[in-house]
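Peer 1: below are the sequence and a predicted model for it; my questions follow.
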Amino acid sequence: MLRIMRQIIKVGTITEPLPTADGFEQLGAQLKGKIKQRFQGSLAIRFVDAGSCNGCELEVHAANNAYYDIERFGVSFTPSPRFADMLLVTGPVSINMKTALEMTYEAMPAPKLVLALGDCAANCGVFGQDNYAIAGSVADIIPVDAVVHGCPPTPTAIIQGILQVMDSHHHAG
């Protein structure tokens, strides 16, 4: 026990600084306004891991944890694609998830908003497109409105991506 205490005193506190300057609160306020305007205050997201390493999932969970609390801006996650306003997909699409992703997309009501989250969702990332187990990137399987790059993307980047999907779809339709 004494050895551990000495180690703690010697090393000190090692934590990341709070992300106050990254604009999360400002982006959140912007997101809340758009959600209120376009979705009557609540944006339901169906989240699908199409074959990732779980790095992006950890960041999605971080965006929903008590610190970032994306839900306070009007974002909620739904288990059913039939109630989803947006589909958020992570990972390259594995052969085993291809049909499930297509069925999820088809079950969504129009307009079908899709966000591909992370480098793997964008271009298969570290898994590569020539992998025997990979069907392709998300855009190879279903239509994608916006892509958030990063390995993994931060909670701030996730909010930026959600805003980008809403902006791109609003201008398209």
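Peer 2: Arrived safely, thanks for sending. Numbering: from 1, shown residues only.

Peer 1: for the closest residue to residue 68 other than its chain neighbours, what are its contacts?
Peer 2: Spatial nearest neighbour of residue 68, excluding adjacent residues (C-beta to C-beta, 6 or more residues apart in numbering): residue 155 at 4.7 Å. Backbone N, C-alpha and C define where each C-beta goes, glycine included. Taking C-beta atoms under 8 Å, 6 or more residues apart in numbering as the criterion, residue 155 is in contact with 24, 59, 62-63, 68, 70.

Peer 1: which one of those residues is nearest to residue 151?
Peer 2: Nearest to residue 151, judged by C-beta to C-beta, of the contacts of residue 155 is residue 59 at 10.2 Å.

Peer 1: which SS state does the closest one fall under?
Peer 2: Three-state assignment for residue 59 (DSSP: H, G, I helix; E, B strand; the rest coil): helix.

Peer 1: list the contacts of it.
Peer 2: 152-155, 158.

Peer 1: from those residues, pick the one nearest residue 115.
Peer 2: For those, the nearest to residue 115 is residue 158 (8.4 Å; C-beta to C-beta).

Peer 1: in this structure the closest one contacts residue 63, no?
Peer 2: Yes - here residue 158 reaches residue 63: they are 5.1 Å apart, a contact under C-beta atoms under 8 Å.

Peer 1: among these two, which residue is more densely surrounded?
Peer 2: residue 158 (27 against 23; other C-beta atoms under 10 Å).

Peer 1: if we can go back for a sec, mutual contacts of residue 158 and residue 63, please.
Peer 2: residue 70.

Peer 1: rewinding a little: right, and out of the contacts of residue 155, which lies closest to residue 139?
Peer 2: The closest of the contacts of residue 155 to residue 139 turns out to be residue 59 (C-beta to C-beta; 20.3 Å).

Peer 1: residues contacting the lengthiest strand in the chain, please?
Peer 2: In terms of residue count, the longest strand belonging to the chain (DSSP state E) is strand 43-49. Strand 43-49 is contacted from outside by 35, 56-57, 60, 74-81, 83-91, 97, 100-101, 104, 108, 162, using C-beta under 8 Å, 6+ apart.

Peer 1: now what about the one helix or strand in the chain whose mean pLDDT sits lowest, what contacts it?
Peer 2: Ranking every helix and strand in the chain by mean pLDDT, DSSP states H and E puts helix 2-11 at the bottom, with a mean of 83. The contact list for helix 2-11, computed with C-beta under 8 Å, 6+ apart, is empty.

Peer 1: related to what we said a few turns ago, and of the contacts of residue 155, the nearest to residue 121?
Peer 2: residue 59 (12.4 Å).

Peer 1: perfect, that will be all.
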